[in-house]
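Participant: give me the fold of what follows.
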Amino acid sequence: MSRPAAWPYAVAVVLPLAAVGAALFTQHRLDMQPCPWCVLQRAIFVAISLTALPGWLIRVAMVRKAVAGLALLLAVCGMSAALWQHFVAAASISCQQTLADHIVQGSGLSERWPEVFAAYASCADAAVKLYGISYEFYSLALFALLALLMAAQCWMRSRRL
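Facilitator: A predicted model of the protein is given here:
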């Protein structure tokens, strides 16, 4: 009987939620207001966590592979959002709605949970550094870590017990 390890999925549930918690702390305690791309990345972190949850709880290799594939896709989307935020959106002073605005507003998250998913700053205004590193690079690093972890689960053979 083969059963894949559960710990990678537990990490993929807990780390994204910790990242959102850290973002909420910096928003509400350090007054670092989020831009639409920040909010989109929060939503992607929550989506990764919710996607990984069945992989943590259900010990069926096929389910875990499917979960890992979807979480990997979401992590790649998160990496793309972080890179877009840094290299494109943060340099823009336009007041036009961005793709991130449309996605977050279309999902209804900003209306249901504005404390977590409402954007209060433009991308140019939200281009801040935390300990000398652009904030979105922390997000990028975590998305990359999650992508590697989930990619390993996609291509790893189930271990024998």
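Participant: find the centremost residue of this protein, please.
Facilitator: Phe45 (2.7 Å; Cα atoms, centre = their mean).
Participant: how near is it to Lys65?
Facilitator: 22 Å (Cβ to Cβ, to the nearest Å). C-betas here are computed from N, CA, C, even on glycine.
Participant: same check, this time on Ala23
Facilitator: Distance from Ala23 to Lys65, by Cβ to Cβ: 30 Å.
Participant: more neighbours, those two?
Facilitator: Ala23 (21 against 17; other Cβ atoms under 10 Å).
Participant: shouldn't the more buried one be in contact with Arg42?
Facilitator: Yes: applying Cβ atoms under 8 Å, one finds Ala23 in contact with Arg42, separated by 5.8 Å.
Participant: so what's the closest residue to Lys129 other than its chain neighbours up against?
Facilitator: Distance criterion Cβ to Cβ, 6 or more residues apart in numbering; nearest residue to Lys129, sequence neighbours excluded, is Tyr135 at 6.8 Å. Contacts of Tyr135 were listed using Cβ atoms under 8 Å, 6 or more residues apart in numbering, and they are 26, 32, 38, 126, 128-129.
Participant: point out the least confident member of these, please.
Facilitator: The member of those with the lowest pLDDT is Ala126, at 68.
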